[in-house]
Structures are given as structure tokens and as C-alpha cells.
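Student: all I have is the shape, not the residue letters:
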Ligand code: FEO
């Protein structure tokens, strides 16, 4: 049986992860409007990953005989000024999510919920990757994003990203 405080916090995290998917989906649409369909593809894959993150918490609550309680998702922004602004906002958002995951780890330790703590360790690592991905793209944009040719090549490369489900044991 899942600890009630953890259940409540994990339900909140389902909302946060689903909001992340919503945010990246909105960013993807904005990138399409900038005629950057490769970056838009990258963001849609990111949105898919976020729904997997939400599903991992969802599945954990169910497996431990808890109650999944879905709540309303906030509307994300619609417009950004540039591709750089999109990825700056994405990095800022991932840093916020890292903080949420760290708070969940603190709660799991405080409540001595080892199963929740084990699950969260995957997310601790995942957040390193999530922040790095956004920061790497900002770095690439700083090098090549100011010229039409450079941006074109980066966009072509981002078009190749495909969704890969997370490692065994963590799939939704
Ligand atoms: Fe679910 Fe991008 O963190």
C-alpha cells in the first residue's frame, strides 16, 4: 500500500509531467510556425517522453494499490520570439522539474518509502539528461544558429530524432 503523502505528491507530479508534455507540444507548434519542422519534431518527441514520465508515476500508484487522481492541466504559453527563446524556456522548465524531483526524493526519504525512492532515482538521472539536452541545443544555436545555413543544418539534424521508450522496467 502506498504512503498517502507519496500518493498525493505523485499525483501532483503526474500533473507536472503532463503539463511538460503540453508545454513541449505547444513549443512544437510554435516551431512549425517558424518553419523549423526539424526542431518541431524534436519537441514532439520530447512531449512523448513527458507522457511516459507521467505514466511511470501513474503506474506506480496503481501497482501499490493507491488512487490515481488526475487534475486539470494549465494552458501553456503559445508564442515565443525565436527558436533560442523556446529552448531557453525549455531549459528553465527542466530546471524547475529537477527541483520537483529533488523535493519528491526528500519526501520519500522522510517517509522512509524505499519503493518510491527507488523509482525516483531513475528520475534523478533522467533530469541530468533532460537539462543537458536543452543546454546542448542552446550551445549549438549559439555556434550555428545565427546564419541561415547553420540553422538549416541544425533543423535537418533535429528532424532525425525518434521516440525511444525508456529502459526496461520503466516503461509505462
Ligand atoms: Fe519529465 Fe522533462 O522531465
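Tutor: Structure received. None of these values were measured; they are calculated from a predicted model. Residues are numbered from 1 along each chain as shown.

Student: pLDDT weak spots in this structure?
Tutor: For the chain, the stretches flagged by pLDDT under 70 are 168-172.

Student: cutoff 80 now
Tutor: Counting by pLDDT under 80, the chain shows low-confidence ranges at 145, 166-172.

Student: show me where it has helices.
Tutor: 4-33, 37-63, 83-110, 114-144, 148-158 (DSSP state H).

Student: nearest residue to residue 32 in space, please, no chain neighbours.
Tutor: Excluding its sequence neighbours, the residue lying closest to residue 32 (C-beta to C-beta, 6 or more residues apart in numbering) is residue 40, at 4.5 Å. For glycine as for every other residue, the C-beta is placed from the backbone atoms N, C-alpha and C.

Student: correct me, but that neighbour touches residue 28?
Tutor: Yes: the pair residue 40 / residue 28 is scored as a contact, 4.6 Å apart, by C-beta atoms under 8 Å.

Student: related to what we said a few turns ago, residues in contact with the residue nearest to residue 32?
Tutor: Counting by C-beta atoms under 8 Å, 6 or more residues apart in numbering, residue 40 touches 28-29, 31-32.

Student: the same query, at a cut-off of 7 Å, please.
Tutor: 28, 31-32 (C-beta atoms under 7 Å, 6 or more residues apart in numbering).

Student: and the nearest residue to residue 12 once chain neighbours are set aside, how many neighbours does it have?
Tutor: Excluding the flanking residues, the one nearest residue 12 by C-beta to C-beta, 6+ apart is residue 71, at 7.9 Å. Using other C-beta atoms under 10 Å, residue 71 has 10 neighbouring residues.

Student: how near is residue 71 to residue 82?
Tutor: 32 Å (C-beta to C-beta, to the nearest Å).

Student: what's the most centrally placed residue in the chain in contact with, if anything?
Tutor: For the chain, the residue nearest the mean C-alpha position is residue 50 (4.4 Å; C-alpha atoms, centre = their mean). Residue 50 sits next to 17, 20-21, 24 when contact means C-beta under 7 Å, 6+ apart.

Student: give me the subset of those touching the ligand.
Tutor: Near the ligand, judged by C-beta under 6 Å from any ligand atom, the entries from those are 17, 20.

Student: look up how far the ligand lies from residue 34.
Tutor: 22 Å (C-beta to the nearest ligand atom, to the nearest Å).

Student: thinking that residue is in contact with residue 83, fair?
Tutor: Yes: using C-beta atoms under 7 Å, residue 34 is in contact with residue 83, at 6.3 Å.
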